[in-house]
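Chemist: A predicted structure for the sequence below; I have some questions about it.
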Amino acid sequence: MSVDAFEQGILRTTDEWSFIRSAETIDKTDQAIKLRLHVDAECFVQIYANVRKNLFSYTEVQQVLQAEGLL
């Protein structure tokens, strides 16, 4: 599988998931890619794939947004 094929597969699949608000490619080389799937302003899933090494991982990230005057 190529990096381009992996990227297109992820982007095509995210169109089917209503909870994914947007997808963006963070970094891309001939062998690896990092994407972010944004769920909302405070949450995204980051996906990493190295197609040469057949290595794939993901992590869910929750950002805490500080409300003005609360902390």
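Modeler: Cool, got the structure.

Chemist: all contacts plus neighbour counts: C-alpha atoms, from now on.
Modeler: Fine.

Chemist: Doesn't residue 4 belong to a helix?
Modeler: Yes. When classified by DSSP: H, G, I helix; E, B strand; the rest coil, residue 4 is found to be part of a helix.

Chemist: Now do the strands for the chain: every range, in order, please.
Modeler: Remark: strands of the chain, listed N- to C-terminal, are 22-28, 32-40, 43-50, 55-62; assignment by DSSP state E.

Chemist: okay, and for the protein, where does confidence drop off?
Modeler: The model of the chain has pLDDT under 70 over residues 65-71.

Chemist: and if we set it to 80?
Modeler: Scanning the chain with the threshold set as pLDDT under 80 gives 64-71.

Chemist: For the residue nearest the centre of the chain, name its beta-bridge partners.
Modeler: For the chain, the residue nearest the mean C-alpha position is residue 36 (2.2 Å; CA atoms, centre = their mean). The residues paired with residue 36 through beta bridges, assigned by DSSP bridges, are residue 24, residue 46.

Chemist: if I read this right, it contacts residue 25, doesn't it?
Modeler: Yes. With the criterion set as CA atoms under 8 Å, residue 36 and residue 25 qualify as a contacting pair; they are 6.5 Å apart.

Chemist: Look at the residue lying closest to residue 34 once chain neighbours are set aside and say how many residues are nearby.
Modeler: The shortest distance from residue 34 to any residue that is not its chain neighbour, by CA to CA, 6 or more residues apart in numbering, is 4.5 Å, and that residue is residue 48. Residues near residue 48, counting by other CA atoms under 10 Å, number 18.
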